[in-house]
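Colleague: need a structure here:
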Amino acid sequence: MTQYSKRMVIVHWLTLALLIAAWFLGDAVNEARHEGNATLMGYAVHAVVGGTILLLTILRLYFRSKDGVPPPVGQSLMDKVAKGIHHALYALLILLPVSGIMQVATSKVCDALRAWDATLLPAKFEGVPAHGVHEILVTALIVLGVVHVLGAIKHQFIMKDGLMERMSLRRKD
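Modeller: Numbers count the residues shown, from 1 in each chain. Next comes the predicted model:
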């Protein structure tokens, strides 16, 4: 096996697209909350996208167990660091939506969504530890995501080892 399965590749790129959407949606909801004009739809769409990311991550882990993965490219320290980064990314893709669920469940956002009444949305997340955790996890995901992309760029343009082909929908003959 030299490539990831087609379904793993599709889930990988779909997850990336949804992560970008979730980040922009979360930023928009946060900004609207600070300006006092947050909407229930903003929270609901952000939550649905986050929940979809969680489901796709679980699905990807399942596909990984069924389809297998290509062998590691090496056993150097950097290869081990890359493996650790991948594991951390998976952990974050699970913990981030869970922290979002906890943020909603432990704040007035839950009451507002249940009643579908935007006047109940909180102006601040005081006394909601999950909010701080969620923000820290977002920052960690961005940092690890950048490191992940830089590693892919290094393999593609500096090492020129074809590693990026493993996550391509184009199949080798």
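
Colleague: I'd say Trp23 and Val138 touch.
Modeller: Yes: counting by C-beta atoms under 8 Å, Trp23 touches Val138, with 7.2 Å between them. The C-beta positions use only the backbone N, C-alpha and C, and glycine is treated the same way.

Colleague: Looking at the two now, which is surrounded by more residues?
Modeller: The residue with more neighbours, out of Trp23 and Val138, is Val138; 19 against 16, by other C-beta atoms under 10 Å.

Colleague: And that one, how far from Asn30?
Modeller: 10 Å (C-beta to C-beta, to the nearest Å).

Colleague: do the same with Val147
Modeller: If you go by C-beta to C-beta, the gap between Val147 and Asn30 works out to 24 Å.

Colleague: quick one: low-confidence parts of the protein?
Modeller: Confidence mapping of the chain against pLDDT under 70 gives the ranges 1, 173.

Colleague: again, 90 this time
Modeller: Under the criterion of pLDDT under 90, the regions of the chain flagged as low confidence span 1-2, 71-75, 79, 161-163, 170-173.

Colleague: Quick one: the strands in it, in order.
Modeller: Counting by DSSP state E, the chain has no strands at all.

Colleague: quick one: the helices in it?
Modeller: Assigned by DSSP state H, the helices in the chain fall at 6-35, 40-67, 77-105, 108-115, 129-153.

Colleague: Against Ala38, how distant is the nearest residue to Ile94 once chain neighbours are set aside?
Modeller: For Ile94, ignoring the flanking residues on the chain, the nearest one in space by C-beta to C-beta, 6 or more residues apart in numbering is Thr57 at 5.8 Å. Going from Thr57 to Ala38 by C-beta to C-beta gives 27 Å.

Colleague: before we move on, what about Val149?
Modeller: Separation of Val149 from Ala38 (C-beta to C-beta): 31 Å.

Colleague: got it, and Arg114?
Modeller: In this view, Arg114 and Ala38 are 16 Å apart by C-beta to C-beta.

Colleague: quick one: which of the two has more around it?
Modeller: Using other C-beta under 10 Å as the criterion, Arg114 and Ala38 rank with Ala38 on top: 21 against 9.

Colleague: who's in contact with the closest residue to that one other than its chain neighbours?
Modeller: Spatial nearest neighbour of Ala38, excluding adjacent residues (C-beta to C-beta, 6+ apart): Ala32 at 4.1 Å. By C-beta atoms under 8 Å, 6 or more residues apart in numbering, the contact set of Ala32 is Ala38, Thr39, Gly42.
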